[in-house]
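*Asks:* no sequence for this one, just the structure:
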């Protein structure tokens, strides 16, 4: 197995481990979180602010930024916030990101071990002179 294939294989395994970690962290956040409907109150470039009402009727603001977000002022947005600490809020559940990382890692692992299947298939070894 060539050095490049080993690197791809190891990177794939690390990506799978990272994806599993992200997925389980997001799952544990979901178990303690409550879904609320928020309202986008501020958008400037890649920055945005979403106002939501926590369970104790306190008005909270989730501030964030990200390229390519689709928020527009006045629109509604889903917010997941921790019931024990309403200031900890997320715009997404995070599970989808973990799944994408796991899939990327699986593809990298397959690309890393693919040359082994080619050699076993019957490609003759080159004679050494």
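*Replies:* Received the coordinates, thanks. Since the model is a prediction, treat every value here as computed from it, not as a measurement.
*Asks:* residues of the lengthiest helix in the chain that come out buried?
*Replies:* Of all segments of type helix in the chain, defined using DSSP state H, the longest is helix 3-31. For helix 3-31, burial by neighbour count (16 or more other C-beta atoms under 10 Å) applies to 8-9, 11-12, 15-16, 19, 22-23, 26, 29. Where C-beta positions appear, they are placed from N, C-alpha and C, glycine not excepted.
*Asks:* And for stretch 96-109?
*Replies:* Under 16+ other C-beta under 10 Å, the buried positions of stretch 96-109 are 98, 101-102, 104-105, 108-109.
*Asks:* what angle separates the following helix or strand past the longest helix of the chain from helix 3-31?
*Replies:* On the C-terminal side of helix 3-31, the closest following helix or strand by DSSP states H and E is strand 33-44. Angle of strand 33-44 versus helix 3-31, following axes from the mean of the first three to the mean of the last three C-alpha atoms, to 10 degrees, is 110 degrees.
*Asks:* neighbouring strands for strand 33-44, and are they parallel or not?
*Replies:* strand 47-53 (antiparallel), strand 76-82 (antiparallel) (DSSP bridges).
*Asks:* quick one: which of the ones you listed is nearest residue 34?
*Replies:* Distance to residue 34, taken as C-beta to C-beta, is lowest for strand 76-82 among the strands paired with strand 33-44, at 6.0 Å.
*Asks:* got a list of contacts for that closest one?
*Replies:* 29-30, 32-40, 50, 52, 54, 60, 62, 71, 87-93 (C-beta atoms under 8 Å, 6 or more residues apart in numbering).
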